[in-house]
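Asks: only geometry, no sequence info:
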């Protein structure tokens, strides 16, 4: 029987297109759907997910592809599908509703609401029939239909109360202050939650949350408390050894389903790998441990190989499932390895990656092992080399040689689905990560990749001094949100410091002005997630919580601090102070859940330094900046002035007119509101920064 498409067939979102042939009469989020609901007097069934979401696939297969469920839904609701990655504004509002009502949330997110978008029922995954203590879709749809028809007044009252509560949550205001003690309080909270045996925080599931580690490294720099760095190293090492890391093709999965980092949720997200690239690079700066450096390099290899558009932008994610099975692409049996490799190489890999004959991957519904293995390390390379009576160099050479064979073999498998839409916010994170790793690891090609991605954004997603959120198949669409702007401003500042190209700073300043004009909460401080000319939803949210991705408000705080240090314009400092005051109440209550915000506070509390480098054209090389960036000192800004950028730079930073441009580089180091005598000796500057 020929399948007929529904109204999602003309969408660009890979997630919506996955549902385009469901028998459910899906609409995208559009006026037509809400008008139809009003006309037919039906509630809206809103389903929010994303293309690489495992349980979204399960619910689709069980219910949305099922004719019986679809018939009930089509009779009862007007059904709308939303890609949370395309419309994080819609997802943010209704996820807040779910968390407020149920105490938790996740995807697929299920919302039932009135035709005027006010929710009265919420949940996440529902099976077709009642099971696992969950009501099934067959019964749920019939119950909701009965409630809508026979208890309408109760439904409308509940929807109104929920909407009012949501508005109150979004309208936060604080009159509290914050001082440096907040950093100690956050460290104490992290210490209490830290898993001393396996790293990470809490039990299971475990998420990488790299900004927690970025804060702890800054706390280590500030206090020299060895426990802060120990938490970072334990977590990074355990994650890198665990099954959450792809030991054959590189890159990290989204999270671990267990405490041990062994069994991942196999999807790979661009933002996780961007944030982890930053984290491994910074940890290498501090420790000079080659293990962290090689991991950072491998993350980049994965991203540039598998997640990069031909013109330089970065794709969003890779699915956990292939051929209808979670993790199938990544799992190995002992028999497969022995068929692929000669006996000595097979024995080597079986030992290194802990391959078991019966497997270590459980079929959870049946509670049995499947024979499949998740590759992982239990010992360090040094320990394994000793046990195999090899030098570490020979061990690594052998490992890489065999790994490449396994990679080439694995490439013949059916790959997981790739979500190839390109998002401004996530791309901006990867641009920043590539810039930072380029400087920290002395990899000029990483900076080239960052510049290519920036060129892509400026070509397709930055038009008339305004950002768009999503690009796919030639279409740029959806107004940029706070994350798009704040993350891209951050990327522009990073590129400016790395390249000395004043256009990046000019772009950052221009976008910051737009943020003030269209996103600023002039009443309570901070920034709304959507601009004042975006679609108005039932609430205009203002987010500060640093979850899987740092919040736009947290990143913007650091942007303001950096802009102040770069330009000496008190305007930025004053707005940073207002932003801190806006969120102080929330941050003071439990600072450890605002780790990225704390990174901004750490910079603001100081000591911070400004390094100005002057020289004639071509005398300030990227090598000089890269040499200085070998030092771990995150609370710094670098301004490089030369003949070609001085005119534009002086227009942006007028006080630079007092700096002389001479034939050879001169270094001006300023801190705590005073500047030291300029020097031409880069080693002297490195020594002074190191001592701070």
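Replies: Cool, got the structure. Note that the coordinates shown come from a computational prediction; the quantities given were computed from them, not determined experimentally.
Asks: low-confidence regions, the chain specifically.
Replies: 1, 169-174, 363-369, 617-622, 673 (pLDDT under 70).
Asks: go again with 80.
Replies: 1-2, 132-133, 167-175, 362-370, 617-623, 663, 672-674 (pLDDT under 80).
Asks: name the element the residue most central in space within it belongs to?
Replies: Nearest to the mean C-alpha position of the chain, by C-alpha atoms, centre = their mean, lies residue 271 at 3.1 Å. Per DSSP states H and E: residue 271 is located in helix 270-287.
Asks: ok, and for that helix, which residues are buried?
Replies: Neighbour counts over helix 270-287 (16 or more other C-beta atoms under 10 Å) mark 270-287 as buried. Just so you know, the C-beta spots here come from the backbone N, C-alpha and C atoms, and that holds for glycine as well.
Asks: and what of stretch 226-244?
Replies: Quick answer for stretch 226-244 (16+ other C-beta under 10 Å): 228-229, 231-244.
Asks: ditto for stretch 393-410
Replies: In stretch 393-410, counting by 16+ other C-beta under 10 Å, buried: 395-396, 398-399, 402-403, 406, 409-410.
Asks: and what of stretch 595-612?
Replies: Quick answer for stretch 595-612 (16+ other C-beta under 10 Å): 595-605, 608-612.
Asks: likewise stretch 349-367?
Replies: 349-350, 352-355, 359-361.
Asks: hmm, which two among these are most spread apart?
Replies: 352 and 361 (17.6 Å; C-beta to C-beta).
Asks: circling back: contacting residues for the residue nearest to the centre of the chain?
Replies: The contact partners of residue 271, by C-beta atoms under 8 Å, 6 or more residues apart in numbering, come to 426, 429-430, 548-549.
Asks: hmm, 6 Å instead?
Replies: Neighbour list for residue 271: 426, 429, 549 [criterion: C-beta atoms under 6 Å, 6 or more residues apart in numbering].
Asks: could you check how far the closest residue to residue 200 other than its chain neighbours is from residue 239?
Replies: For residue 200, ignoring the flanking residues on the chain, the nearest one in space by C-beta to C-beta, 6 or more residues apart in numbering is residue 206 at 4.5 Å. Look at residue 206 and residue 239: by C-beta to C-beta, to the nearest Å, they are 9 Å apart.
Asks: again, but for residue 150
Replies: 52 Å.
Asks: cool, and residue 395?
Replies: 21 Å.
Asks: domain boundaries for this protein, per the record?
Replies: Per automatic domain parsing, the domain ranges recorded for the chain read 14-170, 181-327+419-605, 330-415, 609-691.
Asks: can I get those domains in TSV including distance to residue 4?
Replies: Output for these, formatted as TSV (distance: least, C-beta to C-beta, whole Å):
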stretch	distance to residue 4
domain 14-170	8
domain 181-327+419-605	23
domain 330-415	27
domain 609-691	56
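Asks: confirm that residue 467 sits in a strand.
Replies: Yes - under DSSP: H, G, I helix; E, B strand; the rest coil, residue 467 sits within a strand.
Asks: got a list of what the closest residue to it other than its chain neighbours touches?
Replies: Nearest residue to residue 467, sequence neighbours excluded (C-beta to C-beta, 6+ apart): residue 480, at 3.3 Å. By C-beta under 6 Å, 6+ apart, residue 480 lies in contact with 467-469.
Asks: backbone dihedrals for the closest residue in space to residue 266 that isn't next to it in sequence, please?
Replies: Using C-beta to C-beta, 6+ apart and skipping the chain neighbours, the partner closest in space to residue 266 is residue 320 (3.8 Å). With angles defined as degrees, to the nearest 10, residue 320 sits at phi -80, psi -30.
Asks: so residue 320 makes contact with residue 267?
Replies: Yes - between residue 320 and residue 267 a contact is recorded at 4.1 Å, counting by C-beta atoms under 6 Å.
Asks: tell me which stretches of the stretch 251-400 of the chain form helices.
Replies: For the stretch 251-400 of the chain, helices defined by DSSP state H, counting those that start in this stretch occupy the ranges 270-287, 290-306, 334-340, 343-352, 381-387, 392-410.
Asks: cool, and the stretch 1-150 of the chain?
Replies: Under DSSP H, counting those that start in this stretch, the stretch 1-150 of the chain gives helices at 14-18, 31-40, 54-59, 67-76, 88-102, 137-150.
Asks: pull the distance from the fourth one to the chain's centre.
Replies: For helix 67-76, the gap between its own C-alpha mean and the chain's C-alpha mean amounts to 36 Å (C-alpha atoms, centre = their mean, to the nearest Å).
Asks: stretch 55-69 too?
Replies: Worked out by C-alpha atoms, centre = their mean, stretch 55-69 lies 28 Å from the chain centre.
Asks: list the buried residues in that stretch.
Replies: Applying a neighbour-count criterion of 16+ other C-beta under 10 Å, one finds 56-57, 59-60, 62-66, 69 buried in stretch 55-69.
Asks: residue 587: which of those residues is nearest?
Replies: Using C-beta to C-beta, the buried residues of stretch 55-69 come closest to residue 587 at residue 56, 32.8 Å.
Asks: in contact with the closest one, which residues?
Replies: 49, 107-108.
Asks: want to throw those residues into a markdown table with neighbour count?
Replies: As requested, the contacts of residue 56 are arranged in a markdown table below (neighbours: other C-beta atoms under 10 Å):
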| residue | neighbour count |
| --- | --- |
| 49 | 28 |
| 107 | 19 |
| 108 | 23 |
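Asks: okay, strands next: where are they in the stretch 151-300 of the chain?
Replies: 255-256, 264-265, 268-269 (DSSP state E, counting those that start in this stretch).
Asks: those: which one's closest to residue 676?
Replies: Using C-beta to C-beta, the strands of the stretch 151-300 of the chain put strand 268-269 closest to residue 676, at 43.6 Å.
Asks: within its sheet, name the partner strands of the closest one and how each one runs.
Replies: Using DSSP bridges, strand 268-269 pairs in its sheet with strand 317-318 (antiparallel).
Asks: no further questions, thank you.
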